[in-house]
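[1] mind folding the following:
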Amino acid sequence: MKTMTVVKVIVPGILLLFLFSCSAAPKGSDGKELHKKLYLDANLEFTLTVPDDWSRRFLPATVGSPATYAVLWQSPIDKENPDIEPAEIRVDLLSRQISMDEKSLAGMFQLSHPGFNSTVVRKLEDVLFTTVELLGHTSARSYQVLFIQAPKQVYQISFSSVPEQFAPNQQLFKLVFGSFAPLE
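    Numbers count the residues shown, from 1 in each chain. Predicted coordinates for the structure are as follows:
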């Protein structure tokens, strides 16, 4: 009986570990291997994988949020260009009663980001939860924002950076957004 357990459980586990260790790690915008860490927030009820060299801090929650804080990650300062503002990923918990209407969400984001001009507002297809994507910019930063209606909560996940760093970081942000999962 113990031999069957070894064959059914341990051997496949070892094979999976081997396969994952051999697969190529994703690359950051600088072309270097990207090391990630899993972040779990029990109060806001979500998990997210972020680059491990990004700093995390807590900010006041968005007005109307049932939470007391939001979470912000910032990319490291570029030593070659220290004047460039870091890229940011922010997760906010929004009111459960919020309308998932594209125009309402864009208007709400504009109120909290003076000078914001939206360029694309659309519902995303082929995603697990109802999700609205908002793309736009202010004079200083470009934004990609996802509004995600999970079963228990509505989340706002935003990525922003200076315009010249926005396109090079899209693959990284796609990985981060793809790792988001509400806790059930």
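[2] is Leu111 in a helix, a strand, or coil?
    helix (DSSP: H, G, I helix; E, B strand; the rest coil).
[3] got the buried residues for stretch 149-164?
    For stretch 149-164, the neighbour count (16 or more other C-beta atoms under 10 Å) marks 149-150, 153-161 as buried. C-beta here means a position set from N, CA and C on the backbone, and glycine is covered the same way.
[4] quick one: least confident helix or strand in this structure?
    The helix or strand of the chain with the lowest confidence, counting by mean pLDDT, DSSP states H and E, is helix 11-22 at a mean of 38.
[5] listing partners with orientation, what would you give for the following helix or strand past it?
    Sequence order places strand 36-41 as the next helix or strand after helix 11-22, per DSSP states H and E. Next to strand 36-41 in the sheet, as set by DSSP bridges, lie strand 46-51 (antiparallel).
[6] how would you label Phe159: helix, strand or coil?
    Going by three-state DSSP: Phe159 is strand.
[7] quick check: beta-bridge partners of it?
    Ile89, Gln144.
[8] can you tell me which residues contact the most centrally placed residue in the chain?
    Centroid-nearest residue in the chain: Phe177, 3.9 Å away (criterion: C-alpha atoms, centre = their mean). Residues near Phe177 by C-beta atoms under 8 Å, 6 or more residues apart in numbering: 146, 157, 159.
[9] CA atoms only for the helix or strand harbouring it - export them in PDB, please.
    Taking DSSP H and E as the criterion, Phe177 maps to helix 170-179. C-alpha atoms of helix 170-179 as PDB (Å, rounded to 0.1, in the frame of the first residue of the first chain):
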ATOM      1  CA  GLN A 170       2.900  45.700 -20.000                       C
ATOM      2  CA  GLN A 171       4.100  42.100 -19.900                       C
ATOM      3  CA  LEU A 172       4.900  42.400 -16.200                       C
ATOM      4  CA  PHE A 173       1.500  44.000 -15.400                       C
ATOM      5  CA  LYS A 174      -0.300  41.300 -17.400                       C
ATOM      6  CA  LEU A 175       1.400  38.700 -15.200                       C
ATOM      7  CA  VAL A 176       0.500  40.600 -12.000                       C
ATOM      8  CA  PHE A 177      -3.100  41.200 -13.100                       C
ATOM      9  CA  GLY A 178      -3.400  37.500 -14.200                       C
ATOM     10  CA  SER A 179      -2.300  36.400 -10.700                       C
END
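[10] now it against strand 36-41, angle please.
    40 degrees (axes from the mean of the first three to the mean of the last three C-alpha atoms, to 10 degrees).
[11] now find how far off-centre helix 170-179 is within its chain.
    6 Å (C-alpha atoms, centre = their mean, to the nearest Å).
[12] which one of the buried residues of stretch 149-164 is nearest Thr131?
    For the buried residues of stretch 149-164, the residue nearest Thr131 by C-beta to C-beta is Gln149; the value is 7.3 Å.
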